[in-house]
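> Prediction below, plus the sequence it came from.
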Amino acid sequence: MSREPLLLVDKIVKTFGGFKALDGVSLQVAPGEILGLVGPNGSGKTTLINVISGLYHPDGGLVQYQGRTITNWPMHRRARHGINRTFQIPKPFKTLTVAENVELAHHFARPGAMTPREVLEFTGLADAADRLAQSLNSSQQKLLDLARALTTGPELVLVDELAAGLGPHELHQMADSLRHLADRAMALIVVEHHLGFVNQLTDRVIVMNAGKEIFEGSLALAAQDPIVSAVYLGNDAVDVSSVQ
Ligand SMILES: Nc1ncnc2c1ncn2[C@@H]1O[C@H](COP(=O)(O)OP(=O)(O)OP(=O)(O)O)[C@@H](O)[C@H]1O
């Protein structure tokens, strides 16, 4: 990587009891770069996001951000320094409106952050601003989660499975929007099962399996890789040629 990394993850190990969910994972992300993190169920993608965001502390390895070691920093300190995330299962304040949820998150905004109004427009939730969060469907709740993350003004956003439930047109729009964020120097790590969506976003993916990185490169090359194919055997998810 020619650019100075924004994030460096080195040989991360995370165990639950005797089980190694992450077994020596390393990666780097540059400012404004989109990295796709893919792999079968249980391969460790969300656990890695949890380690990078500070929800989990690893049992081994190092996390560096902007050149500083943050391995054991709590989540809120990372957020103050520009790392934010979405969750696979969002937990908005259900009895507040969409706008109120975003405004609350905006209290923690860094200088230059997008305003609540801007992120609501950006995520397509402006028309739902006055609805209670509990009335949103699951993909709208994911968009609200993204809006809340974006309004804090992050430099690195960890996006955990945003595509589920979005239609083809919405997916296309979302991919466009996320690429715009990257154009504005925001880096993204996108955990995703929807490989067509990943393919629209970036040509750099890491494929994980059983807590390890098994491939790094483009999805097109991943689809030709015998180890990746074996992992996805019987699953047409690696057929990126058919996705738009
Ligand atoms: N808090 C936890 N306690 C015990 N085991 C856990 C915990 N979190 C994750 N694991 C286990 O670690 C492994 C990796 O899980 P993880 O959720 O990171 O996988 P994933 O690749 O994100 O899967 P998916 O695509 O299904 O979300 C799984 O076997 C999971 O059961």
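The structure has been received and is ready for your questions.

> Get me the contact residues on this structure for the ligand.
Taking CB under 6 Å from any ligand atom as the criterion, the chain approaches the ligand at residues 16, 21, 39, 41, 42, 43, 44, 45, 46, 47. Bear in mind the C-beta positions are built from the backbone N, C-alpha and C, glycine included.

> Buried subset of those as a ChimeraX selection?
With 16 or more other CB atoms under 10 Å as the criterion, this ChimeraX line picks the buried residues out of those:
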select :21,39,43,44,45,46,47
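
> From the residues of the chain next to the ligand, which land in strands?
Here DSSP state E is the test, and these give 16, 21 as lying in strands.

> Greatest separation within the residues of the chain next to the ligand: which pair is it?
Spanning the widest gap among these are 16 and 39, at 17.5 Å by CB to CB.

> what does the longest helix anywhere in the chain contact?
Among the elements of type helix in the chain, defined by DSSP state H, the one spanning the most residues is helix 168-183. Counting by CB atoms under 8 Å, 6 or more residues apart in numbering, helix 168-183 makes contact with 32-34, 122-124, 139, 150, 157, 159, 162-163, 166, 188, 190, 194, 196-197, 200-201, 244, all of which sit outside it.

> ok, 10 Å please
31-34, 114, 122-124, 139, 142-143, 146, 150, 154, 157, 159, 162-163, 165-167, 186-188, 190, 194, 196-202, 243-244 (CB atoms under 10 Å, 6 or more residues apart in numbering).

> In that helix, which residues are buried?
Burial within helix 168-183, assessed by neighbour count using 16+ other CB under 10 Å, is assigned to 171, 174, 175, 178, 181, 182.

> Stretch 103-119 now?
With the criterion 16+ other CB under 10 Å, stretch 103-119 contains buried residues 103, 105, 106, 109, 113, 114, 116, 119.

> Nearest to the ligand among those residues?
Closest approach to the ligand among these (CB to the nearest ligand atom): residue 105, at 23.8 Å.

> Spatially, what comes nearest to that closest one if we skip its sequence neighbours?
Of all residues beyond its chain neighbours, the one nearest residue 105 is residue 148 (3.9 Å), with distances taken as CB to CB, 6 or more residues apart in numbering.

> Contacts only, for the spatially most central residue of the chain.
With distances taken as CA atoms, centre = their mean, the chain has residue 159 as the residue nearest its mean C-alpha position (2.1 Å). Counting by CB under 10 Å, 6+ apart, residue 159 makes contact with 34, 36-37, 49, 84-87, 142, 145-146, 149, 174, 178, 181, 188-192, 201.

> In terms of helices and strands, where is it?
When elements are defined using DSSP states H and E, residue 159 is found to belong to strand 156-160.

> mean confidence score for that strand?
Here strand 156-160 scores 96 as its mean pLDDT.

> now the end-to-end length of stretch 56-69.
As for stretch 56-69, its first-to-last residue distance stands at 15 Å under the measure CA to CA, to the nearest Å.
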